[in-house]
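Undergrad: A structural model of the following input is requested.
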Amino acid sequence: MNMRNLVKMIFVSALALSLVACGGKSGGNNGNTGDSGIVQGGKVTLESMKKAASDAGYEVKAAYTNPEKSVGGFTVVFVDGSSDIQIPVIEFKDNASADDYAKMLNDAGYQVALVNGKFLTMASANGKGVITHPAEKVFLDNLINGKPLEKVVKQ
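TA: Numbers count the residues shown, from 1 in each chain. You can find the predicted model right below:
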């Protein structure tokens, strides 16, 4: 294994550990969806995704994983009956940079990258690229593609 691959593996492992769910927290959703999607003028933006997540009751934080060639992002806290996890949503300078980062994540197997143009987020996986929390993936797919989000039910 060359040094570059070793550094990538260490980075991805550290990222995976930082995203591990705490579990056992209450919260979640009840299947209600918002009234509209989050596409603004035919285009998903970081601001439209932040607003949609916040409007649906999810906590949104300014801090995010800041990989090379990223130009912005935020972290959304996904909570349901079995998960409490902070997930980055990252904007890259171009589609190719997002695709390159997605390939690195997918090759490591601890996250499955979800990409829409220059935007990327990641769903938890088991180390072999198998998604471990399907509800998390559905939420992230909807968020990054500008579709309506299920509202959080506060308990």
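Undergrad: which stretches of the protein have low pLDDT?
TA: 1-42, 153-155 (pLDDT under 70).
Undergrad: just want the most central residue of it.
TA: By CA atoms, centre = their mean, the chain has its centre lying nearest to Thr121, at 3.4 Å.
Undergrad: look up how far Ser48 lies from it.
TA: Using CB to CB, to the nearest Å, one gets 14 Å for the distance from Thr121 to Ser48. Heads up, the C-betas are built off the backbone N, CA and C, glycines and all.
Undergrad: same check on Lys93?
TA: For Lys93, the distance to Ser48 - CB to CB - is 19 Å.
Undergrad: which one's more surrounded, the two?
TA: Ser48 (17 against 13; other CB atoms under 10 Å).
Undergrad: tell me the spacing between that one and Leu143.
TA: Between Ser48 and Leu143 the distance, using CB to CB, works out to 10 Å.
Undergrad: which ones are touching the residue lying closest to Asn126 once chain neighbours are set aside?
TA: Using CB to CB, 6 or more residues apart in numbering and skipping the chain neighbours, the partner closest in space to Asn126 is Thr132 (5.2 Å). Thr132 makes contacts with 124-126, as judged by CB atoms under 8 Å, 6 or more residues apart in numbering.
Undergrad: closest one to Val138 out of those residues, please.
TA: Here the nearest of those to Val138, counting by CB to CB, is Ser124; it sits at 12.7 Å.
Undergrad: of the contacts of Thr132, grab the buried ones for PyMOL.
TA: Selection of buried members from the contacts of Thr132 for PyMOL, criterion 16 or more other CB atoms under 10 Å:
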select buried, resi 124+125
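Undergrad: picking that back up, what pairs with the helix or strand where the residue nearest to the centre of the chain lies, parallel or antiparallel?
TA: Assigned by DSSP states H and E, Thr121 belongs to strand 119-124. Sheet pairing of strand 119-124 (DSSP bridges) gives strand 83-92 (antiparallel), strand 111-116 (antiparallel).
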